[in-house]
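In: Sequence and predicted model, in that order:
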Amino acid sequence: MNPLYWMLLAHSPLKPQERLEVIKHAKKTSGSLEAFVEQDLPNLEGELALKLRDALAQASTIALLLEELRSQGIQVLAVTDPSYPRLLKDSLKGKTPLVLYVLGEPKVLGLASGLSLAIIGSRQASAEALKWARRAGAHFGLEGYTVVTGMARGIDLEAVEGALEAGGRVVGVLPYGLLMSKEVRPLVKRYQEYIFGGRLTLVSDLFPKAQWKAAWAMARNRIVVGLAHGILVVESGLKETGGKNGKKRLSGTWNAVERAKELGKPVFVLNLPAPGNRSLVEEGLGLAVALKEPWETFAFIEDELYARTQGSHAGEVPGSGVEGGKGEGQKGSVVQPKLFD
Amino acid sequence: MQTEVLSIRDLSLKTGLSQTALRNILADLEDQGIVAKVATDYRAISSEMPDLSRYEPIREQNRRDLEEMVRYVETSLCRMEHICHYLGDPTASSCGVCDNCTPRNWPPVSEDVLASARAFVSHPRIHLKSKLKGTKVYQDARALSYYNGTRVGETISHHKYETRQPFPEWLVDEGAQVVKKYWGDVAFAGVVAVPSTKSGDLVRDLAERLASKLGLSFLDVLVKIRHTRPQKELTNRAQKRQNLQKAFAVKAPLRGTLLVVDDVADSGVTFEEVGKVLKGAGAEHLYALALAKTRHSDDL
């Protein structure tokens, strides 16, 4: 499958709603986006048609980029690709990224059987929290969960190392493009063995040459939680902290928890003595997990997670308001779930 | 399968292949989607075996070209005619000017030209380009002769690998002559010998005799402090350098200008490593003398 048109659409200046409109229209008139573009956009008129033609004019540039991606061993998954993670699609629905860039084995992103757990937390964490992050990574990695993280310093990377050392599988969602920028290179160098061995998969929906940006770091959270059945907060700061020059800094962990709640995913908060952890529990955003023997602590999470995901369709979380396939016309589901199939 | 991100240098150390060969191989592997470049390094992206069959026709063509070249060299007929036939012109006839058409008609060579040609062949320069803190490690470096196919080379090989007896006096004499001829006005403070893996005490003995012939003192200061593999077993400069890293040490502080002596200079890496250590110990200027120099690294 050639993802060229999906890339053109994904990185076009069209607004999200306009993109959906194009996709719906294409599906209705031509059956697929590919056919629709090749038939020269039948029945699409007005400003939207002009904007889309402008975007499609970038085809040669994007084709070159596609070749560069291929030579770097980076796969491009369009939302209609059978390898595109089902869970992400079902979680984010109409807001799911139209393309994902994948460095490593795409299967790791969404194993048909098995659960995935996002392990999240601060970049600057206490030594105790870092220890728990590594233990959590090791435990869930060993138990066959796919560990999803944002690959940031601190809690994220501790969980990653813990899981990989234990022989587990890890997904890293990056807040910058995958094309071997100065940020990606050290990760590839450090983890080449795991990437090549199909145990670590790095993924991003950003333009492959996008540089790191605080906004991307926040936006990435929706993919981290979208790829997970549940979220474990190891240690978090408060929602807002005052910076030195009066600027407020928002916590990425809080942001991820809020995204997870929107998607109806269970959130677990380790009972570490951090103000953020306490506050998350007090506001009812997460379920406190008592710290006992590591095995016991994580077994509690496993039981809860299992209870909450049991009986649902593969890759779907109960309580998210949509029952697989029957979501059409149901209250609260803005977009038809079959849009991208 | 084990896999890492590796630089050309890492690969060159692991495989013993030259950087040029590695670059060519990597370009092909990249082309086949088996490795990818990460900045200046490389990583595997597929465990597929490379398709080697596509090189077979190229190899076959190269073999035919080589046979053609040998035929050109060995022909006793007109060489121009030979080339013309090869290039597809069947009407060509003898040119009358090539060596086979005019077998005994060599142009005369003047004595001057002959003398400088002889000097060029007999006392080749050893190219030691390495620098230390911006200045060259060696002022100059020479050998008596080439190693392969020369009387000097055969004598060295005979003594080094067969009899293990000291080098004959005429080699020491020629060595002294080279020093006087090229570096006659240099005030040497002494002569040092490169510690050897294979030659045992032959080089040390050579340096001592050369020193006394030149009226200089032999300085017994350079020692090897760890085992190294013979340089000739290693195929590229990166490996050779690594083989000699921190292999030499100097026993006493040094000063002035020194003459560094070895039997055979191959890549020059040994002279360079020794030179750096000597300079580190206080030597001001260095000159290198080898009995023979190889033409290519694979001569030995």
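Out: Thanks, I have the structure now.

In: can you tell me which residues contact A:Gly242?
Out: A:248-249 (CB atoms under 8 Å, 6 or more residues apart in numbering or on different chains). For the C-beta atoms, the positions are set from N, CA and C on the backbone; glycine is no exception.

In: Quick check: it vs A:Arg278, distance?
Out: For A:Gly242, the distance to A:Arg278 under the criterion CB to CB, to the nearest Å works out to 19 Å.

In: tell me which parts of chain A are close to chain B?
Out: Proximity of chain A to chain B is assessed by CB under 8 Å from any CB of the partner chain, with A:70-73, A:180, A:185, A:188-189, A:192-193, A:196-197 identified as the residues in range.

In: Which single residue in the stretch 101-250 of chain B comes nearest to chain A?
Out: Nearest to chain A in the stretch 101-250 of chain B, going by CB to the nearest CB, is B:Ala238, at a distance of 19.7 Å.

In: Does that residue belong to a helix, a strand or coil?
Out: Using DSSP: H, G, I helix; E, B strand; the rest coil as the criterion, the local structure at B:Ala238 reads helix.

In: Could you chop chain A up by domain?
Out: Each structural domain of chain A that the record assigns through automatic domain parsing is listed here as a residue range: A:4-73, A:106-309.

In: Which parts of the chain are strands?
Out: Chain wasn't specified; assuming chain A. A:74-78, A:99-103, A:116-121, A:146-149, A:169-173, A:200-204, A:230-235, A:240-242, A:248-250, A:267-270, A:287-289 (DSSP state E).

In: other chain: chain B
Out: With DSSP E as the criterion, chain B has strands spanning B:35-38, B:41-44, B:131-132, B:135-136, B:140-146, B:188-193, B:222-224, B:248-250, B:257-265, B:285-293.

In: Send me the second one as PDB with only the CA atoms.
Out: What follows is the C-alpha trace of strand B:41-44 in PDB, where atoms were taken according to Å, rounded to 0.1, in the frame of the first residue of the first chain:
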ATOM      1  CA  ASP B  41      27.400   5.500  11.200                       C
ATOM      2  CA  TYR B  42      25.600   2.500   9.900                       C
ATOM      3  CA  ARG B  43      22.900   0.100  11.300                       C
ATOM      4  CA  ALA B  44      21.300  -3.000  10.000                       C
END
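
In: who's in contact with the spatially most central residue of chain A?
Out: Among the residues of chain A, A:Ile223 comes closest to the average C-alpha position under CA atoms, centre = their mean, at 1.9 Å. Shown here is A:Ile223, whose contacts under the criterion CB under 8 Å, 6+ apart are A:88, A:92, A:97, A:173, A:203, A:205.

In: Now the one residue in the stretch 1-150 of chain A that gets nearest to chain B: phi and psi?
Out: In the stretch 1-150 of chain A, no residue comes nearer to chain B than A:Gly73, which is 3.1 Å away by CB to the nearest CB. For A:Gly73, the backbone dihedrals (degrees, to the nearest 10) come out as phi 70, psi 20.

In: If we ignore the residues flanking it in sequence, what's nearest residue 34?
Out: Just so you know, I chose chain A. Residue nearest to A:Glu34 in three dimensions, not counting chain neighbours: A:Tyr5, with 5.8 Å by CB to CB, 6 or more residues apart in numbering or on different chains.

In: looking at chain B here, not the other one
Out: B:Ser46 (4.9 Å).

In: Ok, A:Val269 next?
Out: Ranked by CB to CB, 6+ apart and with sequence neighbours excluded, the top spatial neighbour of A:Val269 is A:Gly286, at 3.8 Å.

In: cool, and A:Pro16?
Out: The shortest distance from A:Pro16 to any residue that is not its chain neighbour, by CB to CB, 6+ apart, is 6.9 Å, and that residue is A:Lys95.

In: Out of the residues of chain A next to chain B, which end up buried?
Out: A:72-73, A:180, A:188, A:192-193, A:196-197 (16 or more other CB atoms under 10 Å in any protein chain shown).

In: how about those residues, which pair is most distant?
Out: Largest separation among those by CB to CB: A:Met180 and A:Gly197, giving 19.6 Å.

In: got any ranges where the stretch 51-200 of chain A has weak pLDDT?
Out: Residue ranges of the stretch 51-200 of chain A with pLDDT under 70: A:112, A:180.

In: residue boundaries of the helices in it?
Out: In the stretch 51-200 of chain A, the segments counted as helices under DSSP state H, counting those that start in this stretch are A:59-71, A:86-92, A:127-142, A:155-165, A:184-196.

In: Please tabulate the ones you listed in JSON lines, including the columns distance to B:Ser116.
Out: Converted to JSON lines, these look like this (distance: least, CB to CB, whole Å):
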{"stretch": "helix A:59-71", "distance to B:Ser116": "53"}
{"stretch": "helix A:86-92", "distance to B:Ser116": "78"}
{"stretch": "helix A:127-142", "distance to B:Ser116": "73"}
{"stretch": "helix A:155-165", "distance to B:Ser116": "67"}
{"stretch": "helix A:184-196", "distance to B:Ser116": "54"}
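
In: Tell me which of those helices sits most buried.
Out: Among the helices of the stretch 51-200 of chain A, the stretch with the highest mean neighbour count (mean count of other CB atoms under 10 Å in any protein chain shown) is helix A:155-165, at a mean of 25.

In: Determine the set of other helices and strands touching that one.
Out: Helices and strands in packing contact with helix A:155-165 are listed as strand A:116-121, helix A:127-142, strand A:146-149, strand A:169-173, strand A:230-235; criterion 3 or more CB pairs under 8 Å, 6 or more residues apart in numbering or on different chains; DSSP states H and E.

In: what sits up against the third one?
Out: Think strand A:146-149. A:108, A:111, A:114-120, A:137, A:140-141, A:156-157, A:159-160, A:163, A:168-173, A:224, A:227-228.

In: The spatially closest residue to B:Gly282 that is not a sequence neighbour: what's it in contact with?
Out: When the adjacent residues along the chain are set aside, B:Gly282 lies closest to B:Leu254, with 4.4 Å between them (CB to CB, 6+ apart). Contact criterion CB under 8 Å, 6+ apart gives B:189, B:219, B:221, B:278, B:281-283 as the residues in contact with B:Leu254.

In: Please repeat the previous calculation with a cut-off of 7 Å.
Out: For B:Leu254, the contacting residues are B:221, B:278, B:281-283, by CB atoms under 7 Å, 6 or more residues apart in numbering or on different chains.

In: Now do it against chain A, distance only.
Out: 42 Å (CB to the nearest CB, to the nearest Å).

In: ok so, going back, what's the separation between the residue nearest to A:Val269 and B:Val250?
Out: Here the distance between A:Gly286 and B:Val250 works out to 67 Å (CB to CB).

In: now B:Arg295
Out: With distances defined as CB to CB, the gap from B:Arg295 to B:Val250 amounts to 31 Å.
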